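**Q** 3D, please:
(one chain, ligands or ions: 2)
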Amino acid sequence: MQASSETPQLKTAKNDTKHLAFTNSHLTFKQHHMSADYHTHTPLCLHAEGTPQQYIDAAIAAGLTEYGISDHAPVKKSDGTEPFDDWRMLTSQIPEYIQWIADAKAHAADKITVRCGLECDWLPGCENWTEHLRTLHPWDYLIGSVHYITTGSDSSDSSDTWDFDNPAWLGKWAESDVEEAWSLYWQAYTDMADSGLYDVLGHPDLIKKFGYKPEGDLTRYYEPAIDAIATAGTIIEINTAGLHKPCAEMYPDTAFLELARDAGIDLIISSDAHHPSEVARDRNTAIATAKAAGYTHTTLINQGKRSYAPL
Ligand SMILES: [Zn+2]
Ligand SMILES: [Zn+2]
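**A** Ligands and ions are numbered 1, 2, ... in the order given. Reported below is the predicted structural model:
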């Protein structure tokens, strides 16, 4: 009897010790190794592959503590119809997207924190639509991205609206005025920052994707955007996907990152994964780059609220 009455106590004590040790090491882990990849995609955008389970398993295997889903948000044409293009979910698929997130959360259980958002396109006149998208779900964050620039003088002529990062239009780059494209891009990026609609601004210098860059010092393009981002208090990302594109550089380049650091702009590190194998890709390279630019912390986002984790 004595033995059996003591055993549970001993067991309990042992378990408690174990639990405390686990809790302590878990807390230490959190304080020193919190890491998130918030810019990732799902097959709903028609150019990504994988299941929620595969993405979550990849995030856990990469040692992340937070995994964020931010697929390409729906956009409607000016006449209210869809599809706008062939690389995003439709408005009618938002419930399917929310289910995808729920499946990811279920699979993640308590092994990793799942956050959710949308990657929204900055387009002329998109403000009301973006505000509407924000109301559709309790997103943790919205990412704002410029994938389209409007060339020519008539902004209502949709043939002049160009998703410049789409490989389908690579030929168009060869015959484009690079300085003009860059000016239009950075004006759009600055307008997007000024809007204050987003928690995070995506891949800051995506315009360099195919390697087309103006000559000389590029800070003339960056400075107005940096001022606008700093004023709006928006987070930027290092997006490592650029390393695997023709430009062979992360977005943004070092000069932009140093200006952002000097302006006190918060930072996250993202993979822009469109496949489970790309989750947290090149993270250590990005961390080294962030540190070299003077960053000491990255940002964690929970329902729009920020906390900071040492790099
Ligand atoms: Zn994409
Ligand atoms: Zn993007």
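
**Q** please, where are all the helices along the stretch 101-250 of the chain?
**A** Secondary structure of the stretch 101-250 of the chain (DSSP state H, counting those that start in this stretch): helices located at 127-134, 170-174, 178-195, 219-232.

**Q** can I get the ones you listed in TSV including distance to residue 262, mean pLDDT and mean neighbour count?
**A** All C-beta atoms are positioned from the backbone trio N, CA, C, and that covers glycine. As requested, the helices of the stretch 101-250 of the chain are exported to TSV (distance: least, C-beta to C-beta, whole Å; pLDDT from 0 to 100; neighbours: other C-beta atoms under 10 Å):
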stretch	distance to residue 262	mean pLDDT	mean neighbour count
helix 127-134	29	98	15
helix 170-174	31	87	12
helix 178-195	16	97	19
helix 219-232	8	98	18
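
**Q** in a markdown table: those, plus distance to residue 42.
**A** Below are those laid out as a markdown table (distance: least, C-beta to C-beta, whole Å):
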| stretch | distance to residue 42 |
| --- | --- |
| helix 127-134 | 16 |
| helix 170-174 | 25 |
| helix 178-195 | 23 |
| helix 219-232 | 27 |
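
**Q** and residue 87, which of those helices is closest to it?
**A** Residue 87 lies closest, by C-beta to C-beta, to one member of the helices of the stretch 101-250 of the chain: helix 170-174, at 15.1 Å.

**Q** how about residues contacting the closest one?
**A** Helix 170-174 is contacted by residues 162, 164, 181, 210, 212 when judged by C-beta atoms under 8 Å, 6 or more residues apart in numbering.

**Q** what's the last one in contact with, if anything?
**A** So the one you mean is residue 212. Contacts of residue 212 by C-beta under 8 Å, 6+ apart are 173, 176, 178, 181.

**Q** now do 10 Å
**A** Contact analysis of residue 212 by C-beta atoms under 10 Å, 6 or more residues apart in numbering lists 164, 170, 173-174, 176, 178-179, 181-182, 246-247.

**Q** out of the helices of the stretch 101-250 of the chain, nearest to residue 141?
**A** Residue 141 lies closest to helix 127-134 among the helices of the stretch 101-250 of the chain, at 10.1 Å (C-beta to C-beta).

**Q** quick revisit: go through the contacts of helix 170-174 and flag which are in strands.
**A** Counting by DSSP state E, the part of those found in strands is residue 162.

**Q** so which of the contacts of helix 170-174 is the closest to residue 97?
**A** Residue 97 has its nearest neighbour among the contacts of helix 170-174 in residue 164, at 25.5 Å by C-beta to C-beta.

**Q** excluding chain neighbours, what is closest to that closest one?
**A** residue 149 (5.6 Å; C-beta to C-beta, 6 or more residues apart in numbering).

**Q** distance of the one you found relative to residue 140?
**A** 28 Å (C-beta to C-beta, to the nearest Å).

**Q** where does this structure dip in pLDDT?
**A** Of all residues in the chain, those with pLDDT under 70 make up the ranges 1-32, 152-159.
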